[in-house]
Every structure is written in structure tokens, then in C-alpha cells.
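S.K.: give me a 3D structure for the following:
(4 chains)
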Protein chains: 2
Amino acid sequence: MAGEVRQLDERKLAVLRAIVQDYVGTEEPVGSKALVDRHNLGVSPATVRNDMAALEEEGYIHQPHTSAGRIPTDKGYRLFVDKLAEIKPMSAPERRAIRHFLDGAVDLDDVVARTVRLLAQLTRQVAVVQYPSLTRSTVRHIELVALAPAKVMLVLITNTGRVEQRMVDCPGTVGETLLADLRGRINARAINQRLPDVPGLLEELPALFEQVDRPTVSTVLATLFETLAEQNEERIMLAGTANLTRFGHDFPLTIQPVLEALEEQVILLRLLGETGDAAMTVRIGRENAYEGLNSTSVVSVGYGSGDESVAKLGVIGPTRMDYPGTMGAVRAVARYVGQILAES
Amino acid sequence: MAGEVRQLDERKLAVLRAIVQDYVGTEEPVGSKALVDRHNLGVSPATVRNDMAALEEEGYIHQPHTSAGRIPTDKGYRLFVDKLAEIKPMSAPERRAIRHFLDGAVDLDDVVARTVRLLAQLTRQVAVVQYPSLTRSTVRHIELVALAPAKVMLVLITNTGRVEQRMVDCPGTVGETLLADLRGRINARAINQRLPDVPGLLEELPALFEQVDRPTVSTVLATLFETLAEQNEERIMLAGTANLTRFGHDFPLTIQPVLEALEEQVILLRLLGETGDAAMTVRIGRENAYEGLNSTSVVSVGYGSGDESVAKLGVIGPTRMDYPGTMGAVRAVARYVGQILAES
DNA sequence: ATCTGGCACTCGGGCGTTCAGAGTGCCAAG
DNA sequence: CTTGGCACTCTGAACGCCCGAGTGCCAGAT
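M.R.: Predicted structure coming up:
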């Protein structure tokens, strides 16, 4: 049949858009009168009421009680984000400020710290930034250092500036020549390779060494592979939790599960993990898998030094948030932090 | 004159103690009747009322409005903590659980992460743990690695398991022999020395090298000293912010400045910095320098691997907290994490 | 000298009532 | 299909009321 999903005509969409905008601004249910006043849709309140009834019928808005204004539902926000809103670009001064603020960073930690604070400030919400993950980055250098006769320190440096170090307890004494040899061979093969590819490239390495040295070589490599694989080392930085106080009126109930979620790196990582690599993702209310965040929305996007994403960042706010502005800020910050990473 | 500070007799103190205990339990102003019911002070409500009047006169308690019960003031809590309360020792099973939970840690990050979670769980408040500071610890090893002709990586490993690394851009090419020489001399002098003492011990080092190498040596040493001195690299880990929701009824107002404070490493570091090294410190309400924490209390103590403290930890909670229990938990956790550090 | 019971007083908070305003749905007319 | 009109609903603020918990004080008992 022709209209299995009933088509909403142009004006009804305009009404929905207006409702979302007003509600986000005032935090109060918005009625037909107020709507026609503030937005000049060229029709009367009565007409708007009819449209509202239709929108409610379709599940885009809902009224808390009879004779109150309307509030967008998750579905309403979803439609708004998908069809009705344009991402609001940052103004030139804002872009300059972002750029300038991030430029001051001295190392990777600092970049991430500045990014997350910046994002929290711009959006006035809770910001989350994932450290550039080891998985996507490439090897800049691998170093082996003898600390004691049978103790070696392994240091891995990535192109994103991240440094990981591990102690390796070797089965026997490790000579400096062996170490130098091993170091040379590892670096020759691994430099500029993506981390997940490295184990494959080093597989045949033990066979190239003398029989007696093979246990040592294998031990070192095992630790290296472990370090490379260690996904759980993915770290996250948070800022702007104080903005939670602006969440809603039914305060403690909403905020507690959110605070709990924010403490669980695992939950946050999963949250960001659901973000598509390149495109910006918006998860609204119930769309969030973790139910503590059922009354929040998450706007996230990947960022990276080159054209591909090495990590994600985003913000968490009430479903009633300024989506165009938030999305604009998130996109801009992701873009600039990517540039910074590429330069360093 | 005899009693410049009016002496509070034994019973009045007992009344104060009872008030604090009850208020902490119920969160409601406590009246004379309720007191004699729950604690068997062998006197009548009327007598208690007289005592209360005296206590109020002295500023230890106060009533929100006429005809309400009494609430302890900061001064009342202070007296309670100083004179009336005994730190509540952990039970044997609790101690075992602490020990067991901390024993599972695999590296320093993990120790700190586990400690802070544990503390938050035990006290049901916000826990803060400072990373073992570079200042107090000693050098285990210093490593120099040539990454490129004029680029050296410097790695500092401390006895607390902390690893710091820096890139050094040298004025000219650095030969491997020079590097080995320098590495040897530095380590010979610095190993097992306290970090702040190291610069003094290495001062004369450049003079021992050939004229041409001195700029390089000086550059490396400068970076090393910088790393040693870098107090601001002191990191802090937090947990239990969700417990803030149990703070009080006048919620958003109390919680916002606290959340803000928790995000500022600087504030937290200063907070912990005020802790006396060995003794446990309790700062109650207004005693906290930072005014956002004026309606909270902070219980903190130093911990360390040997007999001396390398860092601080503590909890932040409402002034109305269970001081004996909290202090017991803080002390126990500090003790055990110290042991763990000493072993590793 | 101290404790106790009694008593009058105060005040906050819960509860029901009232009232105004905002907003709705519906209908009949344009 | 839109509009103005109208009757209806419901919330939230304001008000008044009363109960009860708690106090301070005093006079008498120990």
C-alpha cells in the first residue's frame, strides 16, 4: 500500500523542529500558542494543535499530562537529528580559539587532557576522549635495554607519541651483542608497520638465532606481542562532570547511574566503540545500550592523525541537548585534534 | 583564671558523642527524647536538654530552627574526632579482603587503580589516591637510548615502579660510545639515590667529558633534571563519585562545587599536600582551604613502601560522615598498599 | 547543687482547599 | 484544510490549618 509509514507533511516537520528547538531552550513543555509566537509559521495555534495531535499519534512528541505542552520523544529527537537539523559550524573566532588552545600541548597526555577540557567547555557537557589506540597506530621505534643480567626492559614507541614499557624476565643471561642484534632485526621489520601486523612480521625471527638464544628471543617477543595486543590498556579521559548538575530537575535519580557509568572505563569504551569510524554517531536516550544512560544522549566521532581514525571522542548530555551545536563542536574538535596529532 | 575554656564535664561530652553518632546514622536533627531512648545515659531528657543548651552555647551543636533537634557543628565534629572517637579497626575478614584484592595487582597503575576503588567501596565515599611521587622515591635505573643521530630517549625508573620517559634533542650527533659512557657514569652515581638529591650528584659530570661532548651531556642532564623536578607530573586517581549522590538533600548546590574540585588535579593535590606525612589528617567543613569543599570533610594519610610516606590517599565525604569507620578504612588501606609497594 | 517532671510556647511540615493560567480537543463556520 | 470560539482539564502556587516534635524555663525533689 502507498503510505505504510504515513508521510508527515512539510509543516508538521516544521512544527516538530520548532518544538525541539524551543524545548531545548526553555526546558519546559511547549504549547501551541508559544510556538506560533516564537516561530513565524504562518498559521494559527489551532492548526498547530492539529499537527501536534498527529505528531503525538506518530510517537514523535508526548505530553507529560493532559493540558500541558508537548515534549519531544527519543523518536522525535531522532527525526530531528536525521532530517531537520544542520550541524552548526563553529564560528571563525571559535575555531581560532580551539586551534590556539590545542596548539599549546606538549605531549600526548597533554593533547588528550586539553582536548577533553576544551570539549567539555564548548558543549557544557561531559566530554570523553579516548587515547589514540595502539591498534591503529604504527611503530616508530622499539627499544630493548638490559637492566640486569636476566632482566630486559622493552619500550614501544608509536607514531601517535604513545610509549609503553614492560619488564621482561629472561630465562638466562642476555648478552649485549645478542640484544643489539635482536633490537636491530626487530626494528628493521617493525618500524612503520601497524601494530596488529607486527607479530606476523616477526614470527620467523627466533629461527634466525642460535639455538641457545632462542628461548630468550621468544620470551622477549612474547612480551612484545602481549603489549601490542593489550587492548585493555585503552585509556580514557573525562571532563566536565560538574555539568551534570545542569541535567534535570529529577536530579539524583538521573545522575547517579550516569556517574557510575562514567567510572567504568569498560562501559565508556564500549560506548565509544559503537561509534562508526568516520561518521559522527548520535545515540539518543534508549538507543544507548547501557541502561544507566537511557536518559542521555551521546554524540561521538572518530578522530585520527591521517585520514583514518585512531580513537574516538564524544560528549554525553541530556537527551534534551542542543544537537546542532554539540555536533558542530564535536566535529570541530575532532578535526583539530587530528591535525595536531598529524603534525607531531 | 581557672577556666578560660569552660570545662565540659564528662556527661556533656557523652551527649555530644551521642548526638554525632545519631545524626550520622539518621541524617536528621536529633532531639533530647530520642537521645535518652537510644543511648542509655542514665538521665532524663530534661537534663539532656540543659546539657544541649550548654553545648550550643559553646558552639558545638546548633539547631536549624527553634523546636528542631540539634545538629553538630564543624567544631562539634572536630571535638568528636579529637577526643571522643576511636578509630574503628577493620575486622579480620575485612583485612583479608583488602589484602587479597590488592594482591592481584600487576603493575603500579593497577595498584593505584585497585586501591582507589577499594577505598571508595569500603567507605562508600569519594576516594582519592595520589601516585607515588617522584620526589620521595629513589632511582632504580636511568637509561639512554639513541633513536636517531641527534635524538635520545631518556627513561627514568624509580623504586616505586614508576617509569618516566622523555625525548631529548641534542645539539649534535651522539655516538654510541659517548652514550654508553654517559649512561654508565650517571647510573653509577644516581642509583638508589633519592630523586631530589640526584642533580647535586651529577653536577660535575660535564667536566669529566671531552670539550666537544659537553653540550650534549649538558642537554641530556638538563632534561633529566627537569624530569626529576617535574612535580606537576604528580597524578591522581579518583573513584566513587557516584557516592556523591548520597550527600544530602540540598543536592545540586552541594555537589556542583565538589565535582568541580574533583576535576582539578591541582586542587586535589593541594588538598592532599596539606596532609601531615605520617599522621592521619581530618579536615572538617570550613577547615578545608578550598571553599567548594566547605561542606565536606577530607580524611587523608600518607602511605609509603618503607617507613616513610611517598604519597597520600584519602576520601572526601559529607561532614556528616562516619569518622571512626572512615578513618579505620583509610588507615588500613594505606597500610596495605604500603606493604604491596614494598614487596614489588 | 543537681536532676527531674511539668508546662507553655514555637515552629516546620504535611494536608486539603482554592484559584488562576496554560493548554487542550472539538466543532462549526469560513 | 484552516480558523476562531468554547468548554474542559489539570498543574502548581498560594493559603490556612493543625499536629507533633522539640524546646526553655521553673518549681520541687533528691
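
S.K.: just confirm A:H65 is within a helix.
M.R.: No - A:H65 is assigned coil when assessed by DSSP: H, G, I helix; E, B strand; the rest coil, not a helix.

S.K.: how many residues are close by it?
M.R.: Neighbour count of A:H65, defined by other CB atoms under 10 Å in any protein chain shown: 6. All C-beta spots, glycine's among them, are computed from the backbone N, C-alpha and C.

S.K.: next one: A:T275
M.R.: 23.

S.K.: was I right about it contacting A:A311?
M.R.: No - between A:T275 and A:A311 there is no contact under CB atoms under 8 Å: 9.9 Å.

S.K.: next, show the common contact partners of the two.
M.R.: Common contact partners of A:T275 and A:A311 (CB atoms under 8 Å, 6 or more residues apart in numbering or on different chains): A:G302.

S.K.: partner residues bridging the residue nearest to A:N187 when sequence neighbours are not counted?
M.R.: Of all residues not flanking A:N187 in the chain, A:I142 sits nearest, at 5.6 Å (CB to CB, 6 or more residues apart in numbering or on different chains). Listed by DSSP bridges, the beta-bridge partners for A:I142 are A:L156.

S.K.: quick one: neighbours of A:I142, just the number.
M.R.: Around A:I142 there are 21 residues (other CB under 10 Å).

S.K.: and A:K88, by the same measure?
M.R.: A:K88 has 16 neighbouring residues, counting by other CB under 10 Å.

S.K.: looking at it, it is touching A:G328, isn't it?
M.R.: Yes - contact criterion CB under 8 Å: A:K88 and A:G328 qualify, at 4.1 Å.

S.K.: got any ranges where the stretch 51-200 of chain A has weak pLDDT?
M.R.: A:161 (pLDDT under 70).

S.K.: give me that answer again for 80
M.R.: In the predicted model of the stretch 51-200 of chain A, residues A:106-107, A:133-137, A:140, A:145-148, A:157-165 satisfy pLDDT under 80.

S.K.: for chain B, what are the nearby residues on it?
M.R.: A:H141, A:E143, A:V145, A:L147, A:M153, A:V155, A:I157, A:V163, A:Q165 (CB under 8 Å from any CB of the partner chain).

S.K.: show me what A:R283 is bridged to.
M.R.: For A:R283, the beta-bridge partners are A:V298 (DSSP bridges).

S.K.: which residues touch it?
M.R.: Applying CB under 8 Å, 6+ apart, we find A:R283 in contact with A:E274, A:S297, A:V298, A:S300.

S.K.: give me phi/psi at the residue in the stretch 1-150 of chain A positioned nearest to DNA strand C?
M.R.: Closest contact between the stretch 1-150 of chain A and DNA strand C, by CB to the nearest atom of the strand, is at A:G31 (2.7 Å). The phi and psi values for A:G31, taken as degrees, to the nearest 10, are phi -100, psi 170.

S.K.: nearest residue to it in space, please, no chain neighbours.
M.R.: Computed as CB to CB, 6+ apart, the closest residue to A:G31 that is not its neighbour in sequence is A:G69, at 4.0 Å.

S.K.: do A:E56 as well
M.R.: A:H62 (6.2 Å).

S.K.: who's in contact with the residue nearest to A:E176 when sequence neighbours are not counted?
M.R.: Leaving aside its chain neighbours, A:E176 sits nearest to A:A146 (6.5 Å; criterion: CB to CB, 6+ apart). Residues near A:A146 by CB under 8 Å, 6+ apart: A:V152, A:M153, A:V174, A:E176, A:L179.

S.K.: ok, 10 Å please
M.R.: Contacts for A:A146 (CB atoms under 10 Å, 6 or more residues apart in numbering or on different chains) come out as A:V152, A:M153, A:C170, A:T173, A:V174, A:G175, A:E176, A:L178, A:L179, B:E143.

S.K.: near DNA strand C, which residues of the stretch 1-150 of chain A?
M.R.: A:29-34, A:45-46, A:49, A:52-53, A:56, A:63, A:66-70 (CB under 7 Å from any atom of the strand).

S.K.: filter those residues to the buried ones?
M.R.: Among these, those scoring as buried are A:P29, A:V30, A:G31, A:S32, A:A34, A:R49, A:M52, A:G69, A:R70 (criterion: 16 or more other CB atoms under 10 Å in any protein chain shown).

S.K.: now the first one. Nearest residue, chain neighbours left out?
M.R.: By that I understand A:P29. Leaving out its chain neighbours, A:P29 is closest to A:G69 (CB to CB, 6+ apart), at 3.2 Å.

S.K.: right, and the one you found touches A:A18 too?
M.R.: No - assessed by CB atoms under 10 Å, A:G69 is found out of contact with A:A18, at 11.9 Å.

S.K.: what residues are shared contacts of those two?
M.R.: With CB under 10 Å, 6+ apart, A:G69 and A:A18 have common neighbours A:V30, A:A34, A:L35.

S.K.: what residues does stretch A:55-63 touch?
M.R.: A:5-6, A:8, A:12-13, A:15-16, A:19-20, A:23, A:29-31, A:48, A:52-54, A:69-80.

S.K.: return the subset of these lying in strands.
M.R.: The strands, defined by DSSP state E, take in A:I71, A:P72 from the contacts of stretch A:55-63.

S.K.: what's the pLDDT at A:L41?
M.R.: In this prediction, A:L41 carries a pLDDT score of 83.

S.K.: surely it meets A:M52?
M.R.: No - the pair A:L41 / A:M52 is not scored as a contact, 11.9 Å apart, by CB under 10 Å.

S.K.: are there residues contacting both of the two? Which ones?
M.R.: Joint contacts of A:L41 and A:M52 (CB under 10 Å, 6+ apart) are A:V15, A:L35.

S.K.: ok, of the contacts of A:A146, which come out buried?
M.R.: A:V152, A:M153, A:C170, A:V174, A:L178, A:L179, B:E143.

S.K.: list the residues that contact A:R136.
M.R.: A:158-160, A:194-196, A:277, A:302, A:304-306, A:308-311 are the contacts of A:R136 under CB under 10 Å, 6+ apart.

S.K.: how about the residues of chain A near DNA strand D?
M.R.: A:R11, A:G42, A:V43, A:S44, A:A46, A:T47, A:N50, A:H65, A:T66, A:S67, A:A68.

S.K.: run through the strands of chain A in chain order.
M.R.: A:61-62, A:71-72, A:126-130, A:139-148, A:151-158, A:163-169, A:236-239, A:281-284, A:296-303, A:311-318.

S.K.: helices or strands up against the fifth one?
M.R.: Using 3 or more CB pairs under 10 Å, 6 or more residues apart in numbering or on different chains; DSSP states H and E as the contact criterion, the secondary-structure elements in contact with strand A:151-158 are strand A:139-148, strand A:163-169, helix A:176-190, helix A:214-229, strand B:139-148, strand B:151-158, strand B:163-169.

S.K.: report the angle between that strand and strand A:139-148.
M.R.: 170 degrees (axes from the mean of the first three to the mean of the last three CA atoms, to 10 degrees).

S.K.: check the offset of strand A:151-158 from the chain's centre.
M.R.: 29 Å (CA atoms, centre = their mean, to the nearest Å).

S.K.: now it: buried residues?
M.R.: In strand A:151-158, counting by 16+ other CB under 10 Å, buried: A:V152, A:M153, A:L154, A:V155, A:L156, A:I157, A:T158.

S.K.: please consider this matter closed, and thank you.
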